[in-house]
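Student: have a look; sequence and predicted model below, questions after that.
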Amino acid sequence: MSSSSYSSKDEDVDSIIRQAVLKNAVQHDGKAKSDNVISKVIAQRPNLRNQIKSLVPQIRQAVEELNHLTLAQQKELLAHTSTDGTEASKENEKVRLLPSLPDAQMGRVVTRFPPEPNGYPHIGHAKAAIIDEEYARLYNGKLILRFDDTNPLNEKIEYYEAINDGLHWLGVVPDIVKNTSDDITLLCDYGKKLVETGGAYICSCSQTRIREMRAKGIPCECRSVSSESKEKLRTFFDGSVEPNSAIIRFKGNMADTNTAMRDPTLFRIIDGQHPKLGGSNRVWPTYDFAAPVEDSLDGVTHALRTKEYELRNALYYAILDKLLLRKPILLEFSRLEFDCMPVSKRKIVPLINNGLVQGWADPRLPTLAALRRRGFMPEAIRKFVLSLGFTLSETKPPFESLEASNRKIIDPTSIRLFFVKNPTILMVKNAHLQEVILNNHPNFDLGHRRIEVSSLFYIDENDAISMEIGEEVRLMELYNVTIRDAVPETQPNRVEICGTNSARNERVLIAERTGEIISHNMRKIQWVAKNDALPYHVLVPRQLYNGENFNSNSLECFQGYAESFIGSLSKGTIIQLVRFGFCSINDDNTAIFTHR
């Protein structure tokens, strides 16, 4: 059997284990049982029976990981990763086509993506942008990228650039790019008109009183006082009043059960340097006012937004009715986020400011910069987003579903390399110096690499601990060895025997080269030649939150040795570390774990 056959089979075994765990979990209300999974794996691959000792830890780890998911998430992941060949599983692999837009005309559809430049874009932004673009392209229409930049206290040039970079990486190409702040004078003019026609009023109540009155559904005195005088309007809109001393409120219905209609704020005074306009303006519209007016004036035909805005639809249309402006069609879809990975800037910003994560590209975050750094492909994100469909259902898909989409894309182009964590020395007494040629991929022509090996190797500590004297194992893609002895760390002639004085290893294994023929019953282990070893670290992102609490152990670092070839790879290269997982090169001696 060739080495490439083993590598391919090793990946198949991992897939078989995860499928067995998911099926068992779904059958037992979300809690898989290791013993049941072991029997299922053996039933599917009888030739693994003699390797079960080495597979048990892998099975238990998969059970522990997948049992953390909810039953709904397990079912979703099983549907996305099913490989049993049934028609149902094949259907789940297809992209769920987006439903038709109501009253859409070919060539006339205009959608818009309106992010606020107050942070880096995340997976939720990706969903919105991709859906907006897909519909624009489906109807040969246009997509507008409009930065909703009407709060100078929150916006930064850095964030405009991050959003542009994120969309470019996703492959989202807008037809028009603009800022809401470009139309600030026009928006203020429409605000004046709304007050003059009785659709809004100037309120000078305190914020506390406004909140109390809105909660009770009672109008304040300002609502009945004439505020339409030109002097009052001029004073407000020329920025002469102080922040928090007055606001413009919509004249809705204070008794409405929909609290969004209880005279919400439309304009406020904000002192601050705007990244585009500097300090030239102090009067700023809220999103509630700017969004409908901009959508109407920009020619948007279908305004797609997340479900959280559903109750504000009545306000959106009421403002346009009062101003006699054209009304786009509003459509809502569910937000996209993952359990224990916050997309809210309210949670992310404090983590960054307090040094708990290392910036917006920290691999534990669901930002596009983080996902890109971690090794996710934009095509995988698009396919994953479209697979969720256009729905209001507030289900959080398991992160493993995104991993499944990504795995199919990166697997054919990721070279395989050896990495051993917590290394132990293996000395092969009768080995000689030789050059070996290793293929970079078992199934695709990605070239090869040459390695000189001698008698000393590093192997994974877990493999070393589980080996028994007299056991024959296969050094993957090399030859077979039989374990003859184990040298304790304290043995006086340890240095003479193995040429090393590494105090961190509990023992050194002594082996003898015993042949080339591979047996199905033989354990296969990865290795790194001591004379070709590069000290290496792999960062593994874990669950960022445990409930509402930050997980201080959410970034694990595995130390060990990798083949020196890894040092020649450029930053961002996706590889697969055999029996560890896919990783993205971060720097000369560090990679970031992507997924299994």
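Tutor: Cool, got the structure.
Student: okay, now the unreliable bits of the stretch 51-200 of the chain?
Tutor: Counting by pLDDT under 70, the ranges of the stretch 51-200 of the chain that qualify are 79-97.
Student: go on, the stretch 251-400 of the chain?
Tutor: By pLDDT under 70, the weakly predicted segments of the stretch 251-400 of the chain are 394-395.
Student: the same query, at a cut-off of 80, please.
Tutor: 393-395 (pLDDT under 80).
Student: quick one: the residue positioned nearest the centre of the chain and Ser466, what's the gap?
Tutor: Note on the chain: the residue nearest the mean C-alpha position is Pro366, at 3.8 Å, using C-alpha atoms, centre = their mean. The span separating Pro366 from Ser466 equals 37 Å under the rule C-beta to C-beta, to the nearest Å. All C-beta spots, glycine's among them, are computed from the backbone N, C-alpha and C.
Student: what does Val508 give?
Tutor: As it turns out, when the distance is counted by C-beta to C-beta, Val508 lies 16 Å from Ser466.
Student: those two - which one has more neighbours?
Tutor: Taking neighbours as other C-beta atoms under 10 Å, Val508 and Ser466 compare with Val508 leading, 23 against 15.
Student: gap between that one and Tyr479?
Tutor: 19 Å.
Student: could you chop the protein up by domain?
Tutor: 3-93, 110-333, 417-596 (automatic domain parsing).
Student: can you show me the strands along the stretch 301-450 of the chain?
Tutor: Taking DSSP state E, counting those that start in this stretch as the criterion, the stretch 301-450 of the chain carries its strands at 302-306, 329-333, 415-417, 419-421, 423-428, 434-439, 448-453.
Student: what strands line up against the fifth one, and which way round?
Tutor: Same thing as strand 423-428. Partners of strand 423-428 in the sheet, by DSSP bridges, are strand 456-460 (antiparallel), strand 507-515 (parallel).
Student: okay, the longest one in CSV with CA atoms only?
Tutor: Only the C-alpha atoms of strand 507-515 are listed here, as CSV (Å, rounded to 0.1, in the frame of the first residue of the first chain):
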residue,chain,number,x,y,z
ARG,A,507,11.6,8.9,27.8
VAL,A,508,13.3,8.1,24.5
LEU,A,509,12.0,5.2,22.5
ILE,A,510,14.5,2.8,20.9
ALA,A,511,13.3,1.0,17.8
GLU,A,512,14.6,-1.2,15.0
ARG,A,513,13.8,-0.9,11.3
THR,A,514,11.9,-4.0,10.4
GLY,A,515,10.6,-3.8,6.8
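Student: from the middle of its chain, how far away would the following helix or strand past that strand be?
Tutor: Read in the C-terminal direction, the helix or strand following strand 507-515 is strand 523-525, with elements assigned using DSSP states H and E. On the basis of C-alpha atoms, centre = their mean, to the nearest Å, strand 523-525 sits 33 Å off its chain's mean C-alpha point.
Student: quick one: name whatever helix or strand follows strand 523-525.
Tutor: Note on strand 523-525: by DSSP H and E, the next helix or strand toward the C-terminus is strand 528-529.
Student: quick one: residues in contact with that following strand.
Tutor: 418-420, 423, 451-454, 456-458, 561-563 (C-beta atoms under 8 Å, 6 or more residues apart in numbering).
Student: go again with 7 Å.
Tutor: 418, 420, 451, 453-454, 457-458, 561-563 (C-beta atoms under 7 Å, 6 or more residues apart in numbering).
Student: out of the residues you listed, which is nearest to Leu534?
Tutor: In terms of C-beta to C-beta, no member of the contacts of strand 528-529 lies closer to Leu534 than Ala562, at 5.3 Å.
Student: could you tell me the model confidence score at that closest one?
Tutor: Reported pLDDT at Ala562 in the predicted model: 98.
Student: surely it meets Leu534?
Tutor: Yes. The pair Ala562 / Leu534 is scored as a contact, 5.3 Å apart, by C-beta atoms under 7 Å.
Student: those two - which one has more neighbours?
Tutor: It is Ala562, of Ala562 and Leu534, that has more neighbours when counted by other C-beta under 10 Å, with 26 against 16.
Student: now do the contacts for that one.
Tutor: For Ala562, the contact set (C-beta under 7 Å, 6+ apart) comprises 417-419, 528, 534, 536.
Student: go with 6 Å
Tutor: 419, 534, 536 (C-beta atoms under 6 Å, 6 or more residues apart in numbering).
Student: where's Tyr135, which helix or strand?
Tutor: Using DSSP H and E, the secondary-structure element containing Tyr135 is helix 123-138.
Student: and that helix, how far out from the chain middle?
Tutor: Taking the mean C-alpha point of helix 123-138 and that of its whole chain, the gap between them comes to 16 Å (C-alpha atoms, centre = their mean).
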